[in-house]
Every structure is written in structure tokens, then in C-alpha cells.
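Student: return atomic coordinates for the entry below.
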Amino acid sequence: MSNSILIVGGTRGLGASLGALYAKNTSNQVFATSRSSAPQSKSSIHWLTGIDVSHPDVGQQLVSQLPPATKISTVIITAGYFGFETFDAPDWDKQVQMYTTSAIGPVFVVHHLVKAGVLAEGSKVILVSSESGSLTLRHEKEGGGNYGHHASKAALNMVGKLLSFDLKPKGIAVCLVHPGFMRTEMTKSVGFDKYWDAGGDSAAVTPNESAHSLASFIDEFDISKTGEYWAPRGPSDIGTAEDVLGSNLPTPLQLPW
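Tutor: Next comes the predicted model:
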């Protein structure tokens with residue numbers, strides 16, 4: 001089946017892998033955003049440039065670059081920023097950027113897409129969150145720190161829940177997802193590459209692996225699950241899953257708030 005997909009944050013990591021995956025099906029129409037110019041690509045992706053989720057006009061800028069009468073079946077907001085912090089060294093500017101990118105910008109993106117008629121009945125909104133945003137899954141064995149990252153993902157989870165209430169009457173489904181622990185520049189930049197090879201099912205996956213599992217989950221996701229929070233790859237890379245939720249957990253795994 002052909003679809004029209006919009007990936008917000010499509011130049012690297014999961015977003016780039018999702019764009020490449022969807023573009024392999026030539027019947028798909030794939031749009032992706034870049035904060036600067038369009039990257040060099042041999043694929044058929046339609047690039048929307050100068051789109052920064054941390055800017056107040058992100059929604060208007062995005063809608064203005066879409067062709068007239070465009071209808072998007074699935075929008076996936078993957079844009080993110082991770083600024084490492086500890087209790088001894090919290091960082092005000094990093095926290096502001098994390099909250100703005102994760103939990104404020106998506107509201108304005110979705111608002112403008114809906115008001116412009118780009119998203120309508122049958123559309124899906126996928127907000128890429130993280131298991132780190134679950135209050136229930138936080139456990140003392142993993143300690144504190146990284147206040148802006150974890151709390152901005154918790155804020156995104158609330159944003160997604162509230163959007164699901166506003167958009168359900170319009171027939172638009174909203175889902176929060178933990179796409180898995182990935183081998184990306186983002187996780188490396190905060191020193192998490194030391195955990196990449198934890199062993200077994202807990203090892204970090206490539207963005208391509210995560211993209212395939214997420215795309216398969218999105219295919220099955222519909223309005224009956226709107227407002228829910230899921231780990232398409234299951235509990236394997238969630239270090240506190242068994243401590244908090246028990247053993248023999250399913251895949252995909254619905255996560256607790």
C-alpha cells in the first residue's frame with residue numbers, strides 16, 4: 001500500500017533510516033525535514049529545509065513548504081537533542097533546548113499540520129519518545145542525573161496523551177514510542193557508547209534495525225491504541241523493565257507512564 005510520510009528530523013540517526021526505508025517503496029511519497037539545506041541523496045525524498053523544531057515558527061515553516069493539497073498519512077517526529085548533565089553540573093541552556101525540542105515544538109508542528117488539513121481522518125502521529133520518560137521505570141539502580149533529557153521525554157509523553165484527546169474526534173491517532181537503544185552520534189556524544197555492547201538482547205541496535213521494527217509497528221498501529229506508549233522492540237534494552245514490570249514481558253511492550 002502506498003503512503004505519504006513526513007519525517008521531522010530526517011537527516012541522521014533514526015530519521016534518516018526511516019526516510020531511506022520508506023523511500024525504497026517507490027509508491028510512497030516521503031517528505032523529510034532538515035535544519036539547513038537538503039542533504040545529498042539519491043533517493044526520492046522531498047526535502048523541507050530550514051525546519052528547526054526548537055523555533056516558534058516551525059509549524060508555519062513546515063506547512064508553507066508542502067505542496068498544495070498535500071495529505072500526510074503518517075507523521076513521525078524524531079527530532080531530538082540530548083545534553084548530558086549530572087547533579088553536580090546541571091546545565092540551564094541544555095535543559096531549555098531539550099524541553100523545547102522534545103515537548104514544545106511537536107505541539108506546534110501537529111497543530112499547524114491539522115489546521116492546514118494536511119493531517120485528517122485516518123492519519124497517524126508518531127512521537128519518538130524514550131523509556132527514559134517513564135516515571136514508573138525509573139529505578140534507583142540507574143541513579144539520577146540527566147534531568148533535562150529524562151524530564152523532557154516525560155513532558156513529551158504528556159503532550160502526546162493530551163494530543164490524543166484533541167485529535168481522536170478528528171480520527172487522527174497518536175502514539176508515543178521508545179524506538180530502542182541505538183548506536184548513534186547522539187548516544188555517543190553523551191558517553192553512552194560504552195553501553196552499546198552490553199551483550200545479548202541488551203546490545204544497542206543500529207538506526208536501520210530500529211527503523212524496520214518501528215515501521216512494522218506503525219503499520220499495525222491504529223486509532224484503537226491512540227494515546228498509548230509503546231516499545232516496539234520490547235523490553236530487552238530497558239534496563240529496569242524486569243525490576244519494575246516482572247519477567248516474560250511481551251514484544252511489542254506497552255510501557256507505563
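Student: could you use CA atoms for every contact and neighbour count after this?
Tutor: Noted.
Student: quick one: the strands in the stretch 101-250 of the chain?
Tutor: Here the stretch 101-250 of the chain has its strands, by DSSP state E, counting those that start in this stretch, at 124-128, 173-177, 228-231.
Student: with respect to Val244, which of those lies nearest?
Tutor: Between Val244 and these, the shortest gap by CA to CA is with strand 228-231, which sits at 15.1 Å.
Student: any weak-confidence spans in this structure?
Tutor: Per-residue confidence of the chain (counting by pLDDT under 70) places the weak regions at 1-2, 41-42, 186, 188, 190-192, 195-196, 199-202.
Student: mind naming the longest helix for it?
Tutor: With DSSP state H setting the assignment, residue counts place helix 147-167 as the longest helix in the chain.
Student: returning to that earlier point: single out the most deeply packed of the strands of the stretch 101-250 of the chain.
Tutor: Stretch with highest mean neighbour count among the strands of the stretch 101-250 of the chain: strand 173-177 (a mean of 26; mean count of other CA atoms under 10 Å).
Student: that one vs helix 147-167, what angle?
Tutor: 160 degrees (axes from the mean of the first three to the mean of the last three CA atoms, to 10 degrees).
Student: ok so, going back, for Thr70, find the nearest of the strands of the stretch 101-250 of the chain.
Tutor: For the strands of the stretch 101-250 of the chain, distance to Thr70 was read as CA to CA. The smallest value, 14.8 Å, belongs to strand 124-128.
Student: just the residues contacting that closest one, thanks.
Tutor: For strand 124-128, the external contacting residues (CA atoms under 8 Å, 6 or more residues apart in numbering) are 73-78, 156, 160, 172-179, 222.
Student: ok, now stretch 210-217?
Tutor: Among residues not part of stretch 210-217, those counted as contacts by CA under 8 Å, 6+ apart are Leu14, Ser17, Leu18, Leu21, Pro179, Gly180, Met182, Pro232, Arg233.
Student: likewise for stretch 63-75?
Tutor: Around stretch 63-75, the neighbours that count as contacts under CA under 8 Å, 6+ apart are 3-8, 48, 112-113, 116-120, 122-126.
Student: what's the ChimeraX syntax to select whichever of those are buried?
Tutor: Those of the contacts of stretch 63-75 that meet the burial criterion (16 or more other CA atoms under 10 Å) are gathered into one ChimeraX selection, given here:
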select :3,4,5,6,7,8,48,112,113,116,118,119,120,123,124,125,126
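Student: the contacts of stretch 63-75 in helices, which ones?
Tutor: His112, Leu113.
Student: give the residue farthest from the middle of the chain.
Tutor: Among the residues of the chain, the one whose C-alpha is farthest from the average of all C-alpha positions is Asp88, by CA atoms, centre = their mean at 29.0 Å.
Student: that residue and Gly143, how far apart?
Tutor: With distances taken as CA to CA, to the nearest Å, Asp88 is found 13 Å from Gly143.
Student: again, but for Leu66
Tutor: With distances taken as CA to CA, Leu66 is found 44 Å from Gly143.
Student: same question for Ser164.
Tutor: As judged by CA to CA, Ser164 and Gly143 stand 32 Å apart.
Student: the two: which is more packed in?
Tutor: Applying other CA atoms under 10 Å to Ser164 and Gly143 shows that Ser164 carries more neighbours, namely 23 against 8.
Student: show me the contacts for that one.
Tutor: Contacts for Ser164 (CA under 8 Å, 6+ apart) come out as Ile172, Ala173, Val174, Cys175, Thr226, Gly227.
Student: let's have those in a markdown table, adding distance to Ser130.
Tutor: Formatted as a markdown table, the entries for the contacts of Ser164 read as follows, by distance: CA to CA, whole Å:
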| residue | distance to Ser130 |
| --- | --- |
| Ile172 | 22 |
| Ala173 | 19 |
| Val174 | 15 |
| Cys175 | 12 |
| Thr226 | 17 |
| Gly227 | 15 |
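Student: just these now: which is nearest Thr136?
Tutor: When the contacts of Ser164 are ranked by distance to Thr136 (CA to CA), Gly227 comes first, at 17.2 Å.
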